[in-house]
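> Generate a structure from the sequence data that follows.
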Amino acid sequence: MNPIGPVLAAWASKLRFEDLPASVVADCKYRLLDTLGIAIAAVPLPIGVTIRKAAHALGTGSEATALGENGAKFSAATAALVNGTLAHAMDFDDTHNESVMHPSAPTIAAVLAAGEAAGSSGREMIVGIAIGNELCCRLGLAAPGAFHGVGLHPTSVLGTPAAAAAAGRLFGLTPDQIACAFGVTASQGSGVLEAYADGTWSKTFHPGWAAHAGIIAARLAQNGFTGPATAFDGRYGLFHALLPADTKLDFDATTRDLGKAWVTLQTAYKLYPCAHSIHAFIEGAARLKATHKFANADIASVTLTVPDGFIGQIAEPRAAKLAPRTSTHARASLFYAVAATLTDGALTNAHYEGDAYKRADILGLAQKIVHVPAKIDGAIKFDGTVEIALTDGRKLSTYVEEADGTGTRMLTPARVVAKFRDTVKDVLPPAKIDRLVATIETLETLPNARELMEMTA
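Numbers count the residues shown, from 1 in each chain. Below you'll find the predicted structure:
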């Protein structure tokens with residue numbers, strides 16, 4: 001079999017704005033709006049303050065803007081590290097279900113930084129986003145869920161070569177240079193998920209790391225540094241080196257109908273700032289609460305039927321998920337999210353701000369919630385069943401086949417804009433919000449990426 005790296009590199013290098021279907025152009029713009037809004041909202045959070053402080057310690061520069069720094073410039077790689085970390089700080093960024101990837105956070109962080117450094121036009125930025133998001137999803141389809149199975153975050157491992165391709169396209173790299181950049185990224189791929197255990201922050205910076213490493217790889221290749229063409233599928237390539245020997249790998253999925261079928265269009269938006277696999281249960285709990293109007297004291301028990309591939313991330317170890325140590329920890333707790341929804345009728349950003357995760361009423365109800373596994377049969381999707389036993393003997397149940405924002409329930413542009421406005425309303429003034437929306441919705445007319453970044457100050 002011919003290696004896939006050079007095939008992907010040739011496609012990324014040669015893709016032009018005119019090659020993109022209108023649906024992909026629109027999708028790229030709204031992915032940018034959604035991701036940028038999340039990153040801006042994360043600027044004042046403790047994670048945001050810390051990563052921006054670290055950026056100054058790494059050294060300022062002249063290439064690109066780090067969000068929240070109001071004009072301070074950094075190297076493109078450092079700006080991408082900051083912006084990608086901010087984009088994932090709230091666990092509010094999009095997910096491609098089947099590959100279990102967060103494509104937009106690493107891609108857009110790389111495109112914003114590389115685009116500003118290169119003086120790219122809005123059209124070129126759209127091409128970069130299309131390349132990065134599509135490659136994130138396609139690389140993930142080679143082994144859906146397999147990286148999570150060994151404790152690695154594919155958004156970091158595979159987001160790195162995707163970011164390298166996006167940045168490489170904006171920097172004007174040749175096909176051979178992008179292929180070499182892929183070779184470099186195979187030695188950078190990482191993203192250990194152990195932070196699930198205690199709610200520390202290392203998972204949060206995975207998209208930032210992918211964007212940073214991708215830009216570094218692109219710059220190295222641009223200046224003559226070489227890497228193996230078999231970076232992905234070789235004997236010691238990224239997949240074989242990091243995954244168990246018996247993993248079923250489908251490398252054909254990465255190149256099949258490339259440029260004709262756009263798998264990135266199936267990427268789901270998030271409506272809640274927590275792990276995507278929790279969303280169906282939030283929706284189900286809210287539905288039962290609104291319909292039957294019970295109080296916490298009326299609940300005897302809650303049983304959640306959870307796809308088995310997600311249990312280790314959101315439901316185990318049980319003791320830790322019942323008592324989150326940090327806000328970040330709470331974002332990956334199924335029990336906290338469902339208890340908060342049943343207590344207040346809806347789940348919002350406020351449930352993850354400050355010390356909200358310590359609320360006694362929510363944690364008390366969480367103790368009554370248990371989960372049972374359901375085998376994933378077929379493509380990965382975000383579904384779930386919520387069953388509630390009330391103290392008066394009634395049993396309530398609902399099944400959410402696909403969470404809102406996913407699959408056939410993909411958000412319309414108007415809903416993406418509404419999410420953006422709600423997400424940034426406490427950080428930006430209304431006039432600036434309006435200007436960002438208008439600029440991104442007409443991004444193909446923007447002369448220079450620097451103009452967009454100036455609006456974020």
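
> Where in the chain is the helix or strand with the lowest mean pLDDT?
helix 311-314 (a mean of 90; mean pLDDT, DSSP states H and E).

> buried ones in it?
I311, Q313, I314 (16 or more other CB atoms under 10 Å). (Glycine included, C-beta is placed from N, CA and C.)

> List the first helix or strand encountered after that helix toward the C-terminus.
helix 318-322 (DSSP states H and E).

> which secondary structure elements does whatever helix or strand V416 lives in contact?
Applying DSSP H and E as the criterion places V416 in helix 413-424. Taking 3 or more CB pairs under 8 Å, 6 or more residues apart in numbering; DSSP states H and E as contact, the helices and strands that helix 413-424 lies on are helix 22-42, helix 430-441.

> so which of the ones you listed comes closest to R394?
Ranking the helices and strands packed on helix 413-424 by proximity to R394 (CB to CB) places helix 22-42 first, at 39.0 Å.

> Could you list the residues in contact with whichever helix or strand comes after the closest one?
Later in the chain than helix 22-42, the nearest helix or strand by DSSP H and E is helix 46-58. Outside of helix 46-58, the residues within contact range by CB atoms under 8 Å, 6 or more residues apart in numbering are 42-43, 66, 68-69, 72, 74, 78-79, 81-82, 85-86, 89, 201, 204-205, 208, 328.

> Show me how far the helix or strand following helix 46-58 is from its chain's centre.
For helix 46-58, the following helix or strand on the C-terminal side (DSSP H and E) is strand 60-65. Centroid separation for strand 60-65 versus its chain: 24 Å, with CA atoms, centre = their mean, to the nearest Å.

> Could you count how many residues lie near T50?
Other residues near T50 number 15, with proximity taken as other CB atoms under 10 Å.

> Check the gap between it and R415 for me.
With distances taken as CB to CB, to the nearest Å, T50 is found 32 Å from R415.

> so A457 sits right up against K73, yeah?
No. Proximity of A457 to K73 does not meet the contact threshold set by CB atoms under 8 Å, at 11.8 Å.

> Pick out whichever of these two has more residues nearby.
For A457 versus K73, the count of surrounding residues by other CB under 10 Å is larger for K73: 18 against 13.

> so what pLDDT did the closest residue to that one other than its chain neighbours get?
By the measure of CB to CB, 6 or more residues apart in numbering, the closest residue to K73 outside its immediate chain neighbours is S62, 5.0 Å from it. pLDDT for S62: 96.

> now swap in G71 and tell me
80.

> M101 too?
M101 is given a pLDDT of 94.

> That one touches C136, doesn't it?
Yes. When contacts are counted by CB under 8 Å, M101 is listed as touching C136 (5.0 Å).

> Look up how far E69 lies from E451.
17 Å.

> Equivalent analysis for N296, please.
43 Å.

> Which of those two has more residues huddled nearby?
Between N296 and E69, counted using other CB under 10 Å, E69 has the larger neighbour count: 18 against 13.

> Name the nearest residue to that one, sequence neighbours excluded.
That would be R52: by CB to CB, 6+ apart, it lies 6.2 Å from E69.

> again with W11
Closest residue in space to W11, ignoring its immediate chain neighbours: L258 at 5.5 Å, by CB to CB, 6+ apart.

> Need phi/psi at A142.
Here is the backbone geometry of A142 (degrees, to the nearest 10): phi -70, psi -30.

> Which pLDDT value goes with the residue of the chain most remote from its centre?
Relative to the centre of the chain, the most outlying C-alpha is that of D392, 41.9 Å out, by CA atoms, centre = their mean. Listed pLDDT for D392 reads 96.

> I'd like the distance from it to A89, if you could.
Taken as CB to CB, the span from D392 to A89 is 42 Å.

> Over to R415?
Distance from R415 to A89, by CB to CB: 22 Å.

> which of those two has more neighbours?
Using other CB under 10 Å, the more surrounded residue of R415 and A89 is A89, with 30 against 15.

> was I right about the more buried one contacting P44?
No. A89 is beyond contact range of P44, at 10.5 Å (criterion: CB under 8 Å).

> returning to what we had before: and the contacts of helix 46-58, which of them are buried?
42-43, 66, 68-69, 74, 78-79, 81-82, 85-86, 89, 204-205, 208, 328.
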